[in-house]
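Chemist: Got a sequence here, can you model it:
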Amino acid sequence: MVGSVHGIGVACALAAGVWLGAAEAPTKLVNSGLSPFAISLCMVAGVFTARWTLPTLLKGTRHVFADLTQNKHLIVNAVLAGMLWAVANTLTVFAIRDVGLTIAFPLWNANSLVGIFWGWLLFGELKGASGRNVAKVVLGAIAILAAAVMLGFSTIHNGSGGVGAHGTHAVRGILAAVGASLLWGTMYVPYRKAYISGMNPLSFVTVFTIGELGTCFALVLALDGGTKAAIFHSPDTIHLIFWLFLGGFVWVIGDLFQQFATKYLGIGRAIPLSNTNQLWGLAWGALVFGELAHADWQQRVLVVAGSVVMILGALAVSTAVASERENASTNAALLRECERYGLDYDRVVASYGGTAPEPGGRAWWDYGIVAAAVGVFLYLGVNARVPELGMDFGWVGVLVAVLAGAAVLSGWGLWRATRFS
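Modeler: Model prediction:
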């Protein structure tokens, strides 16, 4: 059972990496004049739409509300997690603007280190693990840190163009990416807490998005001109909103896979493996947007070597399959949650393992939710136009095909094994 659950988690994390890597590509629209706060708000609006639509399609709102009723104590945690995500996402837009997508991705993926720490401290991950597994996790974490440093130096190097052209803004972009990594690493604490309490990831994300959307609105109102912000009034932005909505929708698909990976692998293993999104971010940045077209050989070596080292570190962490002793530590954390909140232990264990019976069936309003989401996308799509950015559409087609393949294969495996539980 342990091996099969580990395999499900690995498949979900890899699919998450593919989709999360693609989701940041629309934030290149920051070069089209929208502020980072406006871009983040538009993306989160797409996220909000997707977070209610996809769970409705997969389980139905009756299941979602029944799950929330059983886990009322986790609603606040989900809102808090959404708030952390919203701030982190806004920081990533600043980072992309100042150092580029190719560089920003690996830097904020240092959230692996933060996640490993919280998983060990709060949920018993790695406690009771073999020396071999501990070595994989520790050495993998060191490799991730070393790669982040290499990639940071590549942005500071002054070249004639490309990556080095960011010049004086490089330090600001690095700080924004590091701040995002800290927030995103901490964000997984309420995730894990929810899942060891028996909550379904599809239910958690529907509440999570309330914190996201509210925080992004607050950031725009406080820091981007308030009610006079251009995003609320300028007719020149309507054609851009579709792409940002789409980016948010793509991100949600990746995040749902990552949520299931966190449930079945734990924080310390799921985050590093899903952080292979930096490889896909590199692909979108370099192949589609040509971010490395004018970089010198030193910058290229630093970017490629840093990316490879980070991938190897992430894989080392993720291949550390939990032993029975470590699973016993996780079970102790689960039991502690049950005792703290008066939960039924047998129900929580079954839910955590993806085998508990769940309320099903769809209500008439579920079809209304899906229809409303489709209507929003149709309206925005009619008013959209291809952004005035240099893109290689051949590579766009290849990477979109990879997205579809990853979703179909991993989604089918998850459905067969757990029915999305």
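
Chemist: Can you pull the poorly scored residue ranges out of the protein?
Modeler: Where the chain drops to pLDDT under 70, the residues are 1-4, 27-33, 101-102, 105, 148-149, 151-168, 236, 354-361, 387.

Chemist: Strands along that one, start to end?
Modeler: With DSSP state E as the definition, the chain shows no strands.

Chemist: remind me, longest helix of it?
Modeler: Longest helix in the chain, counting residues (DSSP state H): helix 238-265.

Chemist: Packing partners of it?
Modeler: Counting contacts by 3 or more CB pairs under 8 Å, 6 or more residues apart in numbering; DSSP states H and E, helix 238-265 is packed against helix 2-23, helix 36-58, helix 170-195, helix 201-223, helix 267-274, helix 364-382, helix 393-418. (Each C-beta comes from the backbone N, C-alpha and C, glycine too.)

Chemist: nearest residue to residue 185 other than its sequence neighbours?
Modeler: residue 114 (2.4 Å; CB to CB, 6 or more residues apart in numbering).

Chemist: What's the local residue count around the one you found?
Modeler: 20 (other CB atoms under 10 Å).

Chemist: Could you do the one 5 residues further on as well?
Modeler: Applying the criterion other CB under 10 Å, we find 28 residues in the vicinity of residue 119.

Chemist: need the contact list for it.
Modeler: Going by CB atoms under 8 Å, 6 or more residues apart in numbering, residue 119 touches 125-126, 188, 192, 266-268.

Chemist: between the residues you listed, which is nearest residue 5?
Modeler: Nearest to residue 5 among the contacts of residue 119 is residue 266, at 10.5 Å by CB to CB.

Chemist: What does that closest one show for phi and psi?
Modeler: phi 90, psi 170 (degrees, to the nearest 10).

Chemist: which one of the helices and strands packed on helix 238-265 is the most hemmed in?
Modeler: helix 267-274 (a mean of 30; mean count of other CB atoms under 10 Å).

Chemist: just checking, what packs against that one?
Modeler: The contact analysis (3+ CB pairs under 8 Å, 6+ apart) places helix 267-274 against helix 2-23, helix 111-123, helix 131-156, helix 170-195, helix 238-265, helix 297-318.

Chemist: if I look at the residue positioned nearest the centre of the chain, how far off is residue 398?
Modeler: Closest to where the C-alpha atoms of the chain average out (CA atoms, centre = their mean) is residue 255, at 4.6 Å. Taking CB to CB, to the nearest Å as the measure, residue 255 falls 23 Å from residue 398.

Chemist: Kindly report the same for residue 190.
Modeler: For residue 190, the distance to residue 398 equals 36 Å [CB to CB].

Chemist: Now do the same contact list for residue 88.
Modeler: By CB under 8 Å, 6+ apart, the residues touching residue 88 are 108, 179-180, 183-184, 187.

Chemist: do that again at 10 Å, thanks
Modeler: Contact analysis of residue 88 by CB atoms under 10 Å, 6 or more residues apart in numbering lists 40, 108, 111, 176-177, 179-187.

Chemist: for residue 116, same thing?
Modeler: Going by CB under 10 Å, 6+ apart, residue 116 touches 125-126, 137-138, 140-141, 144, 185, 266-269, 271-272, 317.

Chemist: out of the helices and strands packed on helix 267-274, which comes closest to residue 82?
Modeler: Of all those, helix 170-195 sits nearest to residue 82, with 8.6 Å by CB to CB.

Chemist: Thought residue 120 was touching the residue nearest to residue 185, still the case?
Modeler: No: applying CB atoms under 10 Å as the test, residue 114 and residue 120 come out as separate, 11.2 Å apart.

Chemist: tell me, what's touching the two both at once?
Modeler: With CB under 10 Å, 6+ apart as the test, residue 114 and residue 120 both reach residue 267.

Chemist: What residues sit buried inside stretch 286-306?
Modeler: By neighbour count on 16 or more other CB atoms under 10 Å, the buried set for stretch 286-306 is 286-289, 291-292, 295-296, 299, 302-303, 306.

Chemist: What is the end-to-end distance of it?
Modeler: One end of stretch 286-306 to the other measures 15 Å (CA to CA, to the nearest Å).

Chemist: With stretch 54-62 instead?
Modeler: End-to-end span of stretch 54-62 (CA to CA): 14 Å.

Chemist: neighbouring contacts of it?
Modeler: Applying CB under 10 Å, 6+ apart, the external contacts of stretch 54-62 come out as 52, 63-64, 66-67, 200-206, 249, 252-253, 255-256, 358-363, 365-370, 373, 411, 415, 419-421.

Chemist: how far does that stretch sit from the chain's center?
Modeler: Taking CA atoms, centre = their mean, to the nearest Å, one finds stretch 54-62 lying 20 Å from the centre of the chain it belongs to.

Chemist: Counting neighbours, what do you get for residue 232?
Modeler: For residue 232, the neighbour count with other CB under 10 Å is 15.

Chemist: Pretty sure it sits against residue 38.
Modeler: Yes: if you go by CB under 10 Å, residue 232 and residue 38 touch, sitting 9.0 Å apart.

Chemist: shared neighbours, these two?
Modeler: Jointly contacting residue 232 and residue 38 under the rule CB under 10 Å, 6+ apart are 220, 224-225.

Chemist: tell me the angle the longest helix of the chain makes with helix 170-195.
Modeler: Relative orientation of helix 238-265 versus helix 170-195 (axes from the mean of the first three to the mean of the last three CA atoms, to 10 degrees): 50 degrees.

Chemist: Go ahead and measure how far helix 238-265 is from the middle of the chain.
Modeler: Centroid displacement of helix 238-265 relative to its chain, using CA atoms, centre = their mean, is 7 Å.

Chemist: cool, stretch 228-244 as well?
Modeler: Taking CA atoms, centre = their mean, one finds stretch 228-244 lying 25 Å from the centre of the chain it belongs to.
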